[in-house]
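> this one's structure only:
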């Protein structure tokens, strides 16, 4: 089994899973594999470990995606013709500001919002949520059309899929009723006299507590921000449609540990309920080997009659037996994950690499193990 068809054909690949299962490393490795196969790839990641960031060449606080040099993608093969691999660690503050500039009707309107004293509060409230940043960045890059494949590394929590709803939550938080609540609905038709009395009450209470200047500033800010509501709603619907389409796929990354498998089952149930395209599992840190492990007893033919060698081989044999049993357990687990998968979905095993990968060559090897074309 291989993820090669996903890396070859999809435009969006979303990786979900519990924390600590190697999801970010898997996203990076798949990005390397797709780029080495000739595609223009962007990996959007959430706060990668320091060694992984160094392996990918990610600067701290980069305002734009970082391009991995082509010679690194070639990995010493001068004849290779890789595509392009860009990597960006999501920065919620930068993303939220770009959203304001992109959706404001004029540069002056954007400046009014960004320079307002309430902008810092709102951007901190909303942009501090990684799910919102993931949604906005993914929608923006898809709309630009710069990349053939975007791989999104979601936050490591059960709320990871909230990025699909985050823009809608912002829109509902600052919707038309909030605008009218601050007396900005000059038409007077919303809610009649009762609603007008409510707006007067709210304004009076806020004015008595914070002062009339606060109420005036709040009204001006909400009025300026209201021009973005239609755009926020539009891109929420657009992103949902794209991620529900055949051009997208959701991969669940797990490890053999019980807690990680439980999270994977939760994510699969959620994807099914939301009608999102589930593409399968990556069983990370796995001993689910296809080949048989070598037996230490074969070493004895090189030192016949050596009692010390026999004692050492016996110790190695016990270790080898433990490894064979563990590999068998992981193969059975992989087989269970592969049961009742949707048509086209796969369950693949990523090898145990003994901790975090420390260099780009290691990412290349992992990418090849996961995304190499299937041998027929």
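Yes, it's here. Nothing here was measured: the structure is a model prediction, and the numbers come from that model. Numbering: from 1, shown residues only.
> so where is this protein shaky, pLDDT-wise?
121-131, 157-160, 162-227, 229-233, 289-294, 296-305, 352-358, 374-376 (pLDDT under 70).
> most centrally placed residue in it?
Residue closest to the mean C-alpha point of the chain, counted by C-alpha atoms, centre = their mean, is residue 153 at 2.1 Å.
> residue contacts, that one?
15, 23, 24, 27, 43, 44, 45, 46, 48 (C-beta atoms under 8 Å, 6 or more residues apart in numbering). In this view, the C-beta of every residue, glycine as well, is placed from N, C-alpha and C.
> try 6 Å this time
Applying C-beta atoms under 6 Å, 6 or more residues apart in numbering to residue 153 gives the contacts 15, 24, 27, 45, 46.
> mind checking which helix or strand the third one is in?
In this structure, residue 27 is located in helix 23-36 according to DSSP states H and E.
> what's the next secondary structure element after that helix?
Counting by DSSP H and E, what follows helix 23-36 is strand 40-45.
> relative to helix 23-36, how tilted is that following strand?
With axes from the mean of the first three to the mean of the last three C-alpha atoms, to 10 degrees defining the directions, strand 40-45 sits at 170 degrees from helix 23-36.
> what comes into contact with strand 40-45?
Under the contact criterion C-beta under 6 Å, 6+ apart, strand 40-45 has outside partners 24, 27-28, 31, 34-35, 83-90, 137, 147-153.
> Any buried residues in it, and which?
For strand 40-45, burial by neighbour count (16 or more other C-beta atoms under 10 Å) applies to 41, 42, 43, 44, 45.
> From residue 258, how far out is the residue nearest to the third one when sequence neighbours are not counted?
In space, residue 43 comes closest to residue 31 once its chain neighbours are excluded; the distance is 3.9 Å by C-beta to C-beta, 6 or more residues apart in numbering. When C-beta to C-beta, to the nearest Å is the yardstick, residue 31 and residue 258 sit 29 Å from each other.
> Neighbour count: these two, which is higher?
residue 31 (30 against 8; other C-beta atoms under 10 Å).
> How about the contacts made by the more buried one?
Applying C-beta under 6 Å, 6+ apart, the residues near residue 31 are 41, 43, 85, 151.
> repeat that for 8 Å
Residue 31 sits in contact with 41, 42, 43, 85, 87, 151, 367, where contact means C-beta under 8 Å, 6+ apart.
> which of these sit farthest apart?
42 and 367 (15.3 Å; C-beta to C-beta).
> quick one on the thing from earlier: taking the contacts of strand 40-45 one by one, which sit in strands?
84, 85, 86, 87, 88, 89, 149, 150, 151, 152, 153 (DSSP state E).
> still on that earlier bit, please pick the buried ones from the contacts of strand 40-45.
By 16+ other C-beta under 10 Å, the contacts of strand 40-45 give 24, 27-28, 31, 34-35, 83-90, 137, 147-153 as buried.
> how much does the helix holding residue 27 deviate in direction from strand 149-153?
Counting by the same axes, to 10 degrees, helix 23-36 lies at 170 degrees to strand 149-153.
> Use 545 as the first number for this chain going forward.
All right, first residue 545 from here; so that's helix 567-580.
> returning to that earlier point: of all the contacts of residue 697, which comes closest to residue 796?
Of the contacts of residue 697, the one sitting nearest to residue 796 (C-beta to C-beta) turns out to be residue 559, at 8.0 Å.
> which residues are in contact with the helix or strand that contains the closest one?
For residue 559, the enclosing helix or strand under DSSP H and E is strand 556-560. Residues from elsewhere that reach strand 556-560 (C-beta under 8 Å, 6+ apart): 550-551, 567, 570-571, 574, 682, 686, 693-698, 704-705, 786-787, 791-797, 811, 815, 823, 826.
> In its sheet, which strands sit next to that strand, and in what direction?
Strand 556-560 has the following strand partners under DSSP bridges: strand 693-697 (parallel), strand 792-798 (parallel).
> for those strands, which one sits closest to residue 904?
Between the strands paired with strand 556-560, strand 693-697 lies closest to residue 904; by C-beta to C-beta that is 16.3 Å.
> hang on, the earlier thing: as CSV, the contacts of residue 575 with distance to residue 854 would be great.
Formatted as CSV, these follow (distance: C-beta to C-beta, whole Å):
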residue, distance to residue 854
585, 53
586, 56
587, 51
629, 51
631, 52
695, 51
911, 42
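> quick one, what contacts the nearest residue to residue 605 once chain neighbours are set aside?
Computed as C-beta to C-beta, 6+ apart, the closest residue to residue 605 that is not its neighbour in sequence is residue 635, at 6.6 Å. Applying C-beta under 8 Å, 6+ apart to residue 635 gives the contacts 605, 606, 607, 677.
> Run me through the strand neighbours of the lengthiest strand in the chain, direction for each.
Scanning the chain for the longest strand, with DSSP E as the assignment, gives strand 822-830. If you go by DSSP bridges, strand 822-830 pairs up with strand 792-798 (parallel), strand 890-895 (parallel).
> a markdown table for those strands, including mean neighbour count?
As requested, those are exported to a markdown table (neighbours: other C-beta atoms under 10 Å):
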| stretch | mean neighbour count |
| --- | --- |
| strand 792-798 | 26 |
| strand 890-895 | 20 |
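> In TSV: those strands, plus distance to residue 819.
Output for the strands paired with strand 822-830, formatted as TSV (distance: least, C-beta to C-beta, whole Å):
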stretch	distance to residue 819
strand 792-798	11
strand 890-895	20
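> I'd like to know which of those strands is closest to residue 905.
So among these, strand 890-895 is nearest, using C-beta to C-beta, at 14.5 Å.
> Which helix or strand lies directly C-terminal to the closest one?
helix 904-915.
> residue contacts, residue 581?
548, 551, 552, 626, 627, 915.
> can you tell me which two in these are farthest apart?
Based on C-beta to C-beta, the longest span within these runs between 548 and 626 and measures 15.5 Å.
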